[in-house]
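K.L.:
Here you go, sequence then predicted model.
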Amino acid sequence: MFGGPGSSLSRWYINEKSSLRIVFMLRFIARCLCILLILNLCLLPLRRPIACYIHYILLQCPSGASWCILWWQKSAYLEKVIWKLIDYIESTYDI
């Protein structure tokens, strides 16, 4: 009866297989978090200049125009999203 379907050896193999899956998933999650941490640390010094540049691009009117309708103001949904982004940039980075 050694190694049959109900033996402790087959139960050990199933438990070993599921624990290997768990270890694989934990390693995968740890690697993903490590990559996100490295990206966050690399982009941290660049956030303010990028935000200022995006703010400038979104609110720039053509030269010589007394008034202008910006390209993103033509769509109502896009306009709401862009205004929220501009408000976020202005409140976060004190522009």
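P.N.:
Looks like it arrived, so ask away.

K.L.:
what's the spacing between the helix or strand residue 18 falls within and its chain's center?
P.N.:
Here residue 18 sits within helix 8-43, counting by DSSP states H and E. How far helix 8-43 lies from its chain's middle: 21 Å, per CA atoms, centre = their mean, to the nearest Å.

K.L.:
downstream neighbour of it in the secondary structure list?
P.N.:
helix 47-59.

K.L.:
Output that next one as PDB, restricted to C-alpha atoms.
P.N.:
Output of helix 47-59 as PDB, limited to C-alpha atoms (Å, rounded to 0.1, in the frame of the first residue of the first chain):
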ATOM      1  CA  ARG A  47       7.900  64.600 -10.800                       C
ATOM      2  CA  ARG A  48       8.000  68.400 -10.200                       C
ATOM      3  CA  PRO A  49       9.600  69.300 -13.600                       C
ATOM      4  CA  ILE A  50       7.300  66.900 -15.500                       C
ATOM      5  CA  ALA A  51       4.300  68.300 -13.700                       C
ATOM      6  CA  CYS A  52       5.300  71.900 -14.400                       C
ATOM      7  CA  TYR A  53       5.900  71.000 -18.100                       C
ATOM      8  CA  ILE A  54       2.500  69.300 -18.400                       C
ATOM      9  CA  HIS A  55       0.800  72.300 -16.700                       C
ATOM     10  CA  TYR A  56       2.500  74.700 -19.200                       C
ATOM     11  CA  ILE A  57       1.500  72.600 -22.200                       C
ATOM     12  CA  LEU A  58      -2.100  72.200 -21.100                       C
ATOM     13  CA  LEU A  59      -2.600  76.000 -20.500                       C
END
